[in-house]
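J.: Here's my sequence, what's the structure:
(chains A, B and C)
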Amino acid sequence: MEYSAIILLLPLCMFLFLGLVGHKLSERVAGILGTLGLTVTAVLAYMVAFNYFTMPRNAEGVFKTLQPVNFEWLRFTEHLHIDLGILLDPISVMMLVVITTVSLMVHIYSMGYMHGEKGFQRYYAFLSLFSFSMLGLVVATNIFQMYIFWELVGVSSYLLIGFYYTKPAAVSASKKAFIVTRFADLGFLIGILILSFFTETFDFQTLMSNPTSLVSETAGMTFMGCSVAAWAMALIFMGGAGKSAMFPLHIWLPDAMEGPTPVSALIHAATMVVAGVYLVARLFPMYCAVPEVLDLITWVGAITALYAAVVACVQTDIKRVLAFSTISQIAFMMVALGVAFNSDLHAGLGYMASMFHLFTHAMFKALLFLGAGCIIHAVHSNEMSAMGNLRKYMPVTHITFLIACLAIAGIPPFSGFFSKDEILTAAFEKSAFWGIWMTAVAGLTAFYMFRLYYRIFWWSKPDYGHHTPHEAPKTMYLPLVFLALVTCVAGFIPFGEFVSVNGQEYHIHLDWSVATTSIIVAVAAIALATWMYLSENTKPKALADKFRALHTAAYHRFYMDELYMWVTHKVIFQHICRPIAWFDRHIVDGTMNMLATVTNGVSYGIRKLQSGYIQWYVWVFIMGALLIAVLAMCF
Amino acid sequence: MNFLSLFVLIPLLMMLGLWIARDMKQIRTVAVIGSTLLLALSVYTLVEFLAERAAGNTATMLFTDSRMWYAPLNIHYAVGVDGVSVAMLLLSSIIVFAGVFASWKINPLPKEFFLWFMLLSTGVFGFFISVDLFTMFMFYEVALIPMYLLIGVWGSGRKNYSAMKLTLMLMGGSALLMIGILGIYYQSGLHSMNVVEIAEHGNIPMNWQYFLFPMTFVGFGVLGAMFPFHTWSPDGHASAPTAVSMLHAGVLMKLGGYGCFRVAIYLMPQAANELAWIFLILTGISVVYGAFSACVQTDLKYINAYSSVSHCGLVLFAILMLNTTAMTGAVMQMLSHGLMTALFFALIGMIYGRTHTRDIREMGGLMQIMPFLSVGYVIAGLASLGLPGLSGFVAEMTIFVGSFEHTDTFHRVLTIVACTSIVITAVYILRVVGKLLYGAVQNEHHRELKDAEWWERLSVITLIVCVVAIGSFPHWISDLIREGVEPITNLLSQAL
Amino acid sequence: MEIPMIAYLVVSTIMFFAGVYGFVTRKNMLAMLISLELMLNAADINFVVFNRYLYPEALEGFFFTLFAIGIAAAETALAIAIIINIFRHIRNVDVHNLDKMKY
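T.: Take a look at the predicted model:
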């Protein structure tokens, strides 16, 4: 399947082409070219997926892992070298399909959404760059290749968040996103260094062939009470947590909504933010060797899921609500991975569930964001207060948005129900504690999503003035319809037959006790939301007043941003950088200047000897000669 | 005659040509022809070198030539190149080429400017081709002294102070160096100045090595901006004219790294093994300290000067790790830092030439006004913070992986500390990009400014192409350098 | 009667130190020049005397003295030229007024 290389090369070429000569093209040509390029890429990705999954399995019933392309890019030592290549296994093929599908939808959608924006060509160039990087990330054959593309998606995200570079909020959001993820990547890098130092390889297949090698190589070595192997894997997870916006590294994602909405759909909902989940899934056998890190992942995921869900309940900017919902849903996937090990009944159910949720979530969350884009396009605001009763004006958006809301809330037969149910089952299998926790979060999810839905499409009609909202153009609502269709049917894909922890076929079957509970919780939450938000009333305000402290804290996202601001600005800037700069100017430089001053001073002192009076010189000369003569005679 | 001598001859002939030149047009013609020839020559050297190596020539230095120059002290004019010097020659010629175009409109005294500029290049090229300690030292001085005049006459701001400070500090370094070189000459037991000969047959007594290693390392380290001897760099760079900043940060600071590597470590491997830790701490401080300092600067050139302190600190840091991978990374970092910092200074010079300020608080929204220069700046910034596909990434990663290969825990902990610089670098780079290029236009007068002229574009594009080429296809350059580093690391491991 | 060598040497020594004393103490540059000549001539006497008494068969001392007298003459001419120029500039020849070169 060497042609899979074209999947990577085409978006790269498109980026270079649009980046270099894009400004000479008309907007229309650039948009069509970019979309066409991605269409071809998507078709190729589907071909790869089809060919891959129809290939005969090997003796154990496992899909073969292929490396159609792999070449050495940079050699470090005898064992360590960065290769660039393409690794095809079930999860990477699944990701190829997800990314190209969502990316294609976003490309088409953007032709309408970004129409007439300054820098339209640049936008498409960046989208191509992002697609290239993300595709490169998922097909990485080794952890360093993954790191390379990891950084590249980071920078494409930076460029796209800061697309409206004249807007200060967008600029600072892009900066924040890049720096926070960079900080997390530092952990990733150190993790890679430790991992590669002990295992002497970057290659995924070599690592997977002996997943306990790290643990056995570092046996007995500890650092601050934890084994070195655990540190390495935890640090690698830190990279994933940064990209996937896990608490406490989540702070960049809500701000990233400053970017154009289609970008939020592509990068900050469907693809890039799940890179962390993908990373953990990729290294899953190695994580199983250090169960304490899996526990850490579970905890981080569970806390994030709850935190983000609570915050999402009170936000008023619709994109922020969706951003927190994304954080919460990704945390679901993380929890699923965390609890996947040790489950007695179905080994690795959580792994499959996590990937399944990743797949379905990408579709319905992209749908939600694109729908939100249509709404913002229509009312020119992100705030809920500018919306209401939109179902009359935007029927297509309304229906598709509702489908997505039902999916994320976990109502059958929409896709989210199936994947979320698997996650809850896996959590219950680990322990009832996690099961209840996650079910509660799922209930919150249903509540805040329907709060959003009612607030946008029902509630009461604000004064739209002479500018009545209208349905989006065709290029914008066709992707919505397509994604809505996918959301309706994706749940019935026998996902476990393609992706499972050991590669063997795994038959999904619903655990009805879990499913019934979750449906009841979801329906109850929806009912509550309906009661509170169906039409304009004072119930939400009364409730907010009642729990004022909690409401305010949640509205301010529990002051996490302020905490970060305090740490970065007050501690690092004021108490590290400034003193260092001062030290440099005054102490180090001062020492050098002092040397110069002292030399100067001494020179001024001894210049008195050079009086310029020749008779004085002669006098000194003679006296000196005499002195020497006398001394010579004495000794 | 050996063709390597052309590296010295061409700049000298250019100086002659410049001397004859009558008007700006002729001056430019001479400068462009000369720098193009140099570029061609360095590419030719690279090709010849690779061909020789492919043909199985495994001598440490290729294309060697040696002529007696001063018999009583056994000083030769000896030239020769290995993989590392070929890479450095390539770097220097690219930067000289770009520098000529960056100073297309230099004013006043264009003729004298180019004369001194070429003398500086003579020194730089001469240094990289020399294999004789004394010749090396001489070319080193030839490269330093024009700097004083170039900054003092064509500089800006507190130029007299800066020029004096820079020259005096570097001269202080050379004084240490002179002691070191003489010590090596007398103590090696060979009475030879030839670097390869001393390395292969010399035997400097251990007690002398303890004395001479710090001498030479600090001597070159001053030029390599090692903490705490780096303070000439911010002032010097801030005052220097564009092309001089480019050549200075891009090439001259590399003389320091190259010298540490070629003289201090190559000739005294035993002492290097034992004393490296002291300097590792100092350079480790440089890396983090420079980056933190850069975070709060407001002058564009100061930001880059401190960033250079950080990046050049990483070069010395990696050299001191004393293994092949880290040293290869160090040389790649020299290349990469040379190119991107030259790019930075070129762009800063061009922006300064338009806005007449370098204070980032007084500028903003330049992306709308001069898109070409701004995009160039973003690319330079991304290279500096280590974006894959640009040169910074490959260099830094080679350094980090190489340093982490060290079996000693102390070294690995230091590596992790050095790694944190990638985050801090991102902070200060994005801070500048955000304030300078994005956002609203701060000063309405800036709206009338023009984007880059063709010569500026040429200069910037040349550098960007090189940055991308190294970053995207690192394999060949890494192999070239590794093969030059290996003899040194072999000596080091024998010395253990 | 043979005059002993010591007598010449005493004379030349007195001349020399008189010259030194004059050179150090006189303010007038012409006076200093005269003192300088005294010192030179004292040295010349020594050359001649040593040649005459110690190496009567050689002539180097006489030659050297002749050379020294010639050069001293040239030097005096030069010095007087300088002094005249100085006089033109500052209207006197007091050495204390010539401190432009100090520091």
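
J.: Any figure for the gap between the residue of chain B found nearest chain C and A:C488?
T.: Chain C sits closest to B:M164 of chain B, with a gap of 19.7 Å, by CB to the nearest CB. Where you see a C-beta, it was placed from the backbone N, CA and C, and this is true even at glycine. From B:M164 over to A:C488 the distance is 77 Å, taken as CB to CB, to the nearest Å.

J.: same deal with A:K118?
T.: When distances are taken as CB to CB, A:K118 and A:C488 turn out to be 38 Å apart.

J.: got it, and A:V602?
T.: 89 Å.

J.: The two: which has the busier surroundings?
T.: In this comparison of A:V602 against A:C488, neighbours counted by other CB atoms under 10 Å in any protein chain shown, the higher total goes to A:C488 at 17 against 10.

J.: Quick one: residues contacting that one.
T.: A:I403, A:P413, A:F414, A:S415 (CB atoms under 8 Å, 6 or more residues apart in numbering or on different chains).

J.: what about it, which helix or strand?
T.: Assessed by DSSP states H and E, A:C488 sits inside helix A:474-489.

J.: what about the next helix or strand after that helix, average pLDDT?
T.: Moving toward the C-terminus from helix A:474-489, the next helix or strand (DSSP H and E) is helix A:512-533. Across helix A:512-533, the average pLDDT comes to 86.

J.: May I see the buried residues of the very next helix or strand once past helix A:512-533?
T.: Next in sequence after helix A:512-533, counting helices and strands by DSSP H and E, comes helix A:539-546. When burial is assessed from 16 or more other CB atoms under 10 Å in any protein chain shown, helix A:539-546 yields the following buried residues: A:P540.

J.: Could you measure from the residue nearest to the spatial centre of chain C over to chain B?
T.: A centroid search over chain C (CA atoms, centre = their mean) returns C:E37, at 2.4 Å, as the residue closest to the centre. Remark: distance between C:E37 and chain B (CB to the nearest CB, to the nearest Å) = 45 Å.

J.: So that residue sits against C:A73, correct?
T.: No: C:E37 is beyond contact range of C:A73, at 9.7 Å (criterion: CB atoms under 8 Å).

J.: Longest helix in chain C, please.
T.: Among the elements of type helix in chain C, defined by DSSP state H, the one spanning the most residues is helix C:60-90.

J.: From the contact counts, what lies against it?
T.: Using 3 or more CB pairs under 8 Å, 6 or more residues apart in numbering or on different chains; DSSP states H and E as the contact criterion, the neighbours of helix C:60-90 among helices and strands are helix C:29-54.

J.: and the angle for the helix it packs on with helix C:60-90?
T.: Helix C:29-54 and helix C:60-90 meet at an angle of 180 degrees, taking axes from the mean of the first three to the mean of the last three CA atoms, to 10 degrees as the criterion.

J.: Now helix C:29-54: buried residues?
T.: For helix C:29-54, the neighbour count (16+ other CB under 10 Å) marks C:29, C:32-33, C:35-49, C:51 as buried.

J.: now it: how far from the chain's centre is it?
T.: Distance, stretch centre to chain centre, for helix C:29-54: 6 Å (CA atoms, centre = their mean, to the nearest Å).

J.: Kindly report the same for stretch B:473-491.
T.: On the basis of CA atoms, centre = their mean, stretch B:473-491 is displaced by 18 Å from the centre of the chain it belongs to.

J.: ditto for stretch B:394-402
T.: Taking CA atoms, centre = their mean, one finds the center of stretch B:394-402 at 18 Å from the center of the full chain.

J.: Then stretch A:54-71?
T.: Computed by CA atoms, centre = their mean, the separation of stretch A:54-71 from the middle of its chain amounts to 29 Å.

J.: Could you do stretch B:346-365 as well?
T.: Counting by CA atoms, centre = their mean, stretch B:346-365 is centred 24 Å from the centre of its parent chain.

J.: same deal with stretch B:476-496?
T.: With CA atoms, centre = their mean as the basis, stretch B:476-496 stands 20 Å off its chain's centre.

J.: Report whether it contacts chain A.
T.: Yes: Stretch B:476-496 lies within reach of chain A by CB under 8 Å from any CB of the partner chain, at B:S478, B:D479, B:R482.

J.: For these, pick the one with the most neighbours.
T.: Ranked by neighbour count (other CB under 10 Å), those have B:S478 at the top, with 26 neighbours.

J.: I'd say that residue and B:I399 touch.
T.: No: B:S478 sits out of contact with B:I399 when judged by CB under 8 Å, with a separation of 11.8 Å.

J.: Report the set of residues contacting both of these two.
T.: Going by CB under 8 Å, 6+ apart, residues that sit against B:S478 and also against B:I399 are B:M332.

J.: Could you report the pLDDT at the residue nearest to the centre of chain C?
T.: At C:E37, the model reports a pLDDT of 92.

J.: residues contacting it?
T.: Residues touching C:E37, when contacts are defined by CB under 8 Å, 6+ apart, comprise C:G19, C:A72, C:T76.

J.: With just CA atoms, put stretch B:14-31 into CSV.
T.: As requested, the backbone C-alpha atoms of stretch B:14-31 are provided in CSV (Å, rounded to 0.1, in the frame of the first residue of the first chain):
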residue,chain,number,x,y,z
MET,B,14,37.8,41.6,-3.2
MET,B,15,39.4,44.1,-0.9
LEU,B,16,41.7,45.0,-3.8
GLY,B,17,38.7,45.4,-6.1
LEU,B,18,36.9,47.4,-3.6
TRP,B,19,39.8,49.7,-3.2
ILE,B,20,39.8,50.4,-6.9
ALA,B,21,36.0,50.7,-7.1
ARG,B,22,34.7,54.2,-7.7
ASP,B,23,31.0,54.3,-7.1
MET,B,24,28.3,52.3,-5.3
LYS,B,25,27.6,50.3,-8.4
GLN,B,26,31.1,49.0,-8.7
ILE,B,27,31.4,48.3,-5.0
ARG,B,28,28.2,46.2,-5.1
THR,B,29,29.4,44.4,-8.2
VAL,B,30,32.7,43.5,-6.5
ALA,B,31,30.9,42.4,-3.3
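
J.: So which bits of that stretch are buried?
T.: If you call a residue buried by 16+ other CB under 10 Å, then stretch B:14-31 has these buried ones: B:M14, B:M15, B:G17, B:L18, B:A21, B:I27, B:R28, B:V30, B:A31.

J.: How far off centre is the strand or helix carrying A:L193?
T.: A:L193 is part of helix A:168-199, with elements assigned from DSSP H and E. On the basis of CA atoms, centre = their mean, helix A:168-199 sits 11 Å off its chain's mean C-alpha point.
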